[in-house]
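**Student:** attaching a predicted model along with its sequence, questions to come.
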Amino acid sequence: MTVKVPPSFEKAIPGQFVMVRQEGNTTPFLSRPFSIYSVYPHGDEIFLEIFYKAVGKGTEALSRLREGNFLNILGPLGRGFDLPPSFGKIVLIAGGIGIPPLSFLAQRCSEENHGAEIVCYLGAANAEMLAGLDRLKGICSAVEISTDDGSRGYHGPVTKLFQRDMGRYAGDDVRIYACGPRPMLKALQGFLKDRPGVCQISLEERMACGIGACLGCVVRTRSDGGELVRVCKEGPVFDIGDIDFEE
Amino acid sequence: MKVKMGVDIGGLTLKNPVMSASGTFGYGEEYAGYLDLNRLGAIVVKGLSLSPREGNPPPRVVETASGMLNAVGLQNVGVEEFIDKKLPYLRTIETAVVANIFGESVDEYVKVAEILEGAEGLDALEVNISCPNVKKGGITFGSDPILAGEVTRAVKGVSRLPVIVKLTPNVTDITKIAASVEDAGADALSLINTLTGMSIDIEKRVPHLRNITGGLSGPAIKPVALRMVWETVGAVSIPVIGVGGIMNASDALEFLIAGARAVQVGTANFINPSAAADIVDGIERYLSDTNLDDINGLIGTLRV
């Protein structure tokens, strides 16, 4: 979905998100959080894109909107990705509907003539669910696909596909960015445990306010004391090593 | 015509009757970028305990029809860190600051209140009695008139600030609790806290909340809150602050007409961070439109 937004959204960093709702409705009640898929100028105007699957009341309501309708959008919110150093290698690993923030990151890197080689590993349940593929092909030097049912690409989870190729990404100039279901991120955390700082992830969690006040969206960290942090405020981007996936 | 919006809540003077509800506004600073905090009558901060508290494991929030359940579990930085790290910012704004406090025993409530006595920048205490009394087998303070009175008396005994007691609706007759708390010396009451509720994931066949149950808030509870406020106003002489599902000025006006001296805005802040300021504006507009020059001319004017 593309929305015309005020210029204040131009400062959005990949990894940040927005809270979206329709004015005046109590169903759905809470705003829905969406990672920013893209922000771009077109003429004098600024556009923001989100990418979602209609899975519940909130997303179904959004899918019924038409051109000319209005939305309330709060953002950009949260901590975004640290842009990688120039001229290195960037690896994106996306599972399920995890592609939007990574696609935005890839877009920014390529816009800024970054010079880095971008490889994307995209996994989905089946070929129909491979989200955002065309855009990625335009930006990345390579897109590796996996499907759980084998209907396209590698037959198996995207983590296994990445693991097969991991040897190529051992250099210091590599940065890895991942977004997807918790089990995927937990597996990745295991593969990368000896490489602190190499990988950032974007997390999602049920949220009410999106601005750090309600404390609904906390996750546990692996710091001393196992501090709780807010996905909406201290995240959604975290170093992969910081998060406790056990809880 | 400039309408007068000032109200007195048992010794706490507010520039207007709109306060933030505890637990929905952090420690104030979280909202500084979204509205002018000086527009509010008061900021009621997140509930403070003697020691920092982590709260419950996630998932902690889930949407329900016209509302939400929360089982955050009273996560807070603890009263000492509040004074050191959060109160300094609140001293820089002109709006009244109310510290919400809670404990697991009467002693704990007293200790928190005593520590806050020494702090500069507070205008009142709000005592959350929806907590289980671990010394009496976990029965909620607020569900027993005697325990509710005991904790009120104890906090009142150590505090020079006005003491507002926040009541739980999860009782058979809230007016009994209200009367007991009034007798024990409370300067004002705020009601209601959340209603205990539950929501189930039918795919996974587990509760949506890790804690199983949580507190229901939002428009769904407004009729219950309003009824309890109206009943309580009829049962006590001290000021009553109305809380529960207030999303806009019209909702707030219902509570004021029912007899609430002030209102608190909670869940609405999650939907619209400037909700409380919008509500102040809306109340002013209503008074102006109905040719009332003072909010006190509206309070308690319900015709039954």
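**Tutor:** Arrived safely, thanks for sending. Since the model is a prediction, treat every value here as computed from it, not as a measurement.

**Student:** so which bits of stretch B:119-134 are buried?
**Tutor:** Within stretch B:119-134, the residues scored as buried using 16 or more other CB atoms under 10 Å in any protein chain shown are B:A119, B:L122, B:D123, B:A124, B:L125, B:E126, B:V127, B:N128, B:I129, B:S130, B:C131, B:N133. Placement of C-beta: from N, CA and C, glycine included.

**Student:** CA atoms only for that stretch, dumped as CSV, please.
**Tutor:** What follows is stretch B:119-134, C-alpha atoms only, in CSV (Å, rounded to 0.1, in the frame of the first residue of the first chain):
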residue,chain,number,x,y,z
ALA,B,119,10.9,14.3,46.8
GLU,B,120,10.3,17.7,45.3
GLY,B,121,8.0,18.3,42.4
LEU,B,122,5.0,16.1,43.3
ASP,B,123,1.5,17.4,43.8
ALA,B,124,-0.4,14.4,45.0
LEU,B,125,-0.2,10.6,45.5
GLU,B,126,-2.5,8.1,43.9
VAL,B,127,-2.8,4.8,45.7
ASN,B,128,-3.4,1.8,43.5
ILE,B,129,-5.2,-0.7,45.7
SER,B,130,-5.9,-3.2,42.9
CYS,B,131,-2.9,-5.2,44.1
PRO,B,132,-2.9,-8.5,45.9
ASN,B,133,-2.0,-8.3,49.6
VAL,B,134,0.6,-11.1,49.8
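
**Student:** can you tell if that stretch touches chain A?
**Tutor:** No - counting by CB under 8 Å from any CB of the partner chain, chain A has no neighbours in stretch B:119-134; the shortest distance is 15.5 Å.

**Student:** before we move on, the earlier item: which of the buried residues of stretch B:119-134 sit farthest apart?
**Tutor:** Greatest spacing in those, by CB to CB: B:D123 and B:N133 (27.5 Å).

**Student:** start and end of stretch B:262-271, how far apart?
**Tutor:** 21 Å (CA to CA, to the nearest Å).

**Student:** stretch A:199-214 too?
**Tutor:** Span of stretch A:199-214 from end to end, CA to CA: 28 Å.

**Student:** closest point of chain B to chain A, which residue?
**Tutor:** Nearest residue of chain B to chain A: B:V61, at 3.4 Å (CB to the nearest CB).

**Student:** surely that residue and A:V218 touch.
**Tutor:** No - B:V61 lies out of contact with A:V218 (CB atoms under 8 Å); the separation is 10.1 Å.

**Student:** tell me what the residue of chain B closest to chain A is bridged to.
**Tutor:** Note on B:V61: beta-bridge partners B:N70, judged by DSSP bridges.

**Student:** what's the burial count for it?
**Tutor:** Neighbourhood size, B:V61 [other CB atoms under 10 Å in any protein chain shown]: 24.

**Student:** quick one: contacts for it?
**Tutor:** A:206-208, A:214, A:216-217, B:68-72, B:209, B:214 (CB atoms under 8 Å, 6 or more residues apart in numbering or on different chains).

**Student:** cutoff 6 Å now
**Tutor:** By CB atoms under 6 Å, 6 or more residues apart in numbering or on different chains, the residues touching B:V61 are A:R206, A:A208, A:G216, B:N70.

**Student:** measure the third one to chain B for me?
**Tutor:** As defined by CB to the nearest CB, to the nearest Å, A:G216 lies at a distance of 3 Å from chain B.

**Student:** next, that residue: phi, psi?
**Tutor:** According to degrees, to the nearest 10, the main-chain angles of A:G216 amount to phi -80, psi -30.

**Student:** quick one: it and B:R60 touch, right?
**Tutor:** Yes - with contact defined as CB atoms under 6 Å, A:G216 reaches B:R60; the gap is 4.9 Å.

**Student:** neighbours around B:E94, how many?
**Tutor:** B:E94: 9 surrounding residues under other CB under 10 Å.

**Student:** give the full set of residues in contact with it.
**Tutor:** B:N38.

**Student:** which pLDDT value goes with it?
**Tutor:** What the model reports as pLDDT for B:E94 is 95.

**Student:** report the buried residues of stretch B:64-80.
**Tutor:** B:64, B:66-79.

**Student:** stretch B:192-211 too?
**Tutor:** Quick answer for stretch B:192-211 (16+ other CB under 10 Å): B:I192, B:N193, B:T194, B:L195, B:T196, B:G197, B:M198, B:S199, B:P207, B:H208, B:L209, B:N211.

**Student:** swap in stretch B:80-90?
**Tutor:** Result for stretch B:80-90 [16+ other CB under 10 Å]: buried residues B:F82, B:I83, B:K86, B:L87, B:L90.

**Student:** those: which two are farthest apart?
**Tutor:** So, the buried residues of stretch B:80-90 by CB to CB: farthest apart are B:I83 and B:L90, at 10.4 Å.

**Student:** CSV for the buried residues of stretch B:119-134, including secondary structure and pLDDT?
**Tutor:** CSV is the format used below for these (DSSP: H, G, I helix; E, B strand; the rest coil; pLDDT from 0 to 100):
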residue, secondary structure, pLDDT
B:A119, coil, 95
B:L122, coil, 98
B:D123, coil, 98
B:A124, strand, 98
B:L125, strand, 98
B:E126, strand, 98
B:V127, strand, 98
B:N128, strand, 97
B:I129, coil, 96
B:S130, coil, 91
B:C131, coil, 82
B:N133, strand, 78
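
**Student:** show me what contacts the residue lying closest to A:V158 once chain neighbours are set aside?
**Tutor:** Counting by CB to CB, 6 or more residues apart in numbering or on different chains, A:V158 lies nearest to A:G123, which is 2.6 Å off, once chain neighbours are set aside. Going by CB under 6 Å, 6+ apart, A:G123 touches A:G95, A:S146, A:V158.

**Student:** let's go with 10 Å and repeat that
**Tutor:** A:G123 is in contact with A:93-96, A:98-99, A:129-130, A:144-148, A:153-154, A:156-162, A:180-181, A:184, counting by CB atoms under 10 Å, 6 or more residues apart in numbering or on different chains.

**Student:** and for B:V3?
**Tutor:** B:16, B:283-288, B:290-295, B:297-298.

**Student:** could you do B:F82 as well?
**Tutor:** So B:F82 contacts B:27, B:45-46, B:48-49, B:52, B:76, B:90, B:99, B:101, B:112, B:115-116, B:119 (CB under 10 Å, 6+ apart).

**Student:** any idea how far it lies from B:L74?
**Tutor:** 13 Å (CB to CB, to the nearest Å).

**Student:** which neighbours do the two have in common?
**Tutor:** B:K46, B:L48, B:S49.
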